[in-house]
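Student: here is a sequence with its predicted model. Questions after.
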Amino acid sequence: MGYAAVMPLLLKIVVNAFAVWLAVQLVDGLRFTGDLLTLLVIAAILGVVNLFARPIVTILSLPIVLLTLGLFLLVINALMLWLTIWISGVFNLGFTSTGFGATFLGALVITVVSWIGEALFGRD
């Protein structure tokens, strides 16, 4: 992997880490008790979850996504954040949620921040 291939990946992880940090700051019910390196690991986990699990879940739920005119994608984002929280719990990374409401709101924050990051830095 060359420099040109690694930098966009690292930038995406940093944007995800910032998005998770901001979600924890803004959403009551999301908690993170760790350092910057742990936050970057959680961001990488979120990236892997979105890379592998999200397309499968989206395809399997395509009828309901179409029926709700895409609004169900917000629920899918919350499920991907929940899966990230669960994986981070397995590895004791200190990222927790008090329930689906907090996870849903956190996913909204992360989605908006990621969208802004893609608009500023590009998708690659």
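Tutor: Looks like it came in fine. Numbers count the residues shown, from 1 in each chain.

Student: how close does the residue nearest the centre of the chain get to residue 56?
Tutor: When Cα atoms, centre = their mean is applied to the chain, the residue found nearest the centroid is residue 46 (4.6 Å). Distance, residue 46 to residue 56, by Cβ to Cβ, to the nearest Å: 16 Å. (C-beta placed from N, C-alpha, C; glycine too.)

Student: cool, residue 68 as well?
Tutor: Taken as Cβ to Cβ, the span from residue 68 to residue 56 is 19 Å.

Student: got the contact list for the residue nearest to the centre of the chain?
Tutor: Residues near residue 46 by Cβ atoms under 8 Å, 6 or more residues apart in numbering: 16, 20, 80-81, 84, 110.

Student: re the thing from before, neighbour count: residue 68 and residue 56, which is higher?
Tutor: residue 68 (13 against 9; other Cβ atoms under 10 Å).

Student: residues in contact with that one?
Tutor: Per Cβ under 8 Å, 6+ apart, neighbours of residue 68: none.

Student: quick check on it: phi, psi?
Tutor: Dihedral pair for residue 68: phi -100, psi 10, per degrees, to the nearest 10.

Student: residues contacting the strand or helix carrying residue 85, please?
Tutor: Using DSSP states H and E, residue 85 maps to helix 72-90. Helix 72-90 is contacted from outside by 42, 45-46, 49-50, 53-54, 57-58, 61, 64-65, 94-97, 100, 103-104, 106-108, 110-111, using Cβ under 8 Å, 6+ apart.
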